[in-house]
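>>> turn this into a structure:
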Amino acid sequence: MTISLDIPADWEDDLKIAARRHGKNTAALLLDSVRQKLRHDILPQAETELLAVINAPLAPEARHHRDALRRTQAERPLTDGERDALADAVDVVEIANAERWQAIAELADRRGLSLAEIARDLEIPLP
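Numbering: from 1, shown residues only. You can find the predicted model right below:
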């Protein structure tokens, strides 16, 4: 089948640059893009990036350090340095969790799902 496309003039340069970057001519790049969109087993790049954030593991050392300081705090008062270290360790874990939930929310929005639905689909327990 032959299809003719009218592409806006302002896309022409971008399309040529993208084709060169992929080592293809513009027709091949467009055909590959259409093939990719038609495949249900290939995620869009934006979703792939969001899932990478969602699935990125927090360094175990960060949780261990935080937990060790919390155990120390349960046994005795922390020194000023330990208190600062605990606050920093808690921040690292909370920031990572916030970034993860932000990515989950964005993925839910992209897929037209609620936060509970996307969490269930990804088998992520809700807080």
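>>> I'd like the distance between residue 122 and residue 25.
38 Å (Cβ to Cβ, to the nearest Å). For glycine as for every other residue, the C-beta is placed from the backbone atoms N, C-alpha and C.
>>> same question, residue 117
42 Å.
>>> could you do residue 35 as well?
Counting by Cβ to Cβ, the gap from residue 35 to residue 25 is 15 Å.
>>> do residue 79 as well
Counting by Cβ to Cβ, the separation of residue 79 from residue 25 is 66 Å.
>>> check the offset of the helix or strand of the chain with the lowest mean pLDDT from the chain's centre.
When the helices and strands of the chain are scored by mean pLDDT, DSSP states H and E, helix 26-38 comes last with a mean of 82. The chain centroid and the centroid of helix 26-38 are separated by 24 Å under Cα atoms, centre = their mean, to the nearest Å.
>>> can you give me the offset of stretch 107-126 from its chain's centre?
Chain-centre distance of stretch 107-126: 13 Å, with Cα atoms, centre = their mean.
>>> which residues sit against it?
Contact with stretch 107-126 is made by 46-47, 50-51, 54, 104-105, as judged by Cβ atoms under 8 Å, 6 or more residues apart in numbering.
>>> sort out for me which of those are in helices.
46-47, 50-51, 54, 104-105 (DSSP state H).
>>> how about CSV for those, with neighbour count and distance to residue 111 added?
Putting the ones in helices among the contacts of stretch 107-126 into CSV (neighbours: other Cβ atoms under 10 Å; distance: Cβ to Cβ, whole Å) gives the following:
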residue, neighbour count, distance to residue 111
46, 11, 11
47, 14, 8
50, 21, 10
51, 15, 11
54, 18, 13
104, 20, 11
105, 15, 11
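>>> I'd like those as a markdown table, with pLDDT and distance to residue 96 appended.
Shown next, in a markdown table, are the ones in helices among the contacts of stretch 107-126 (pLDDT from 0 to 100; distance: Cβ to Cβ, whole Å):
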| residue | pLDDT | distance to residue 96 |
| --- | --- | --- |
| 46 | 87 | 21 |
| 47 | 90 | 20 |
| 50 | 94 | 15 |
| 51 | 94 | 15 |
| 54 | 94 | 11 |
| 104 | 95 | 13 |
| 105 | 95 | 15 |
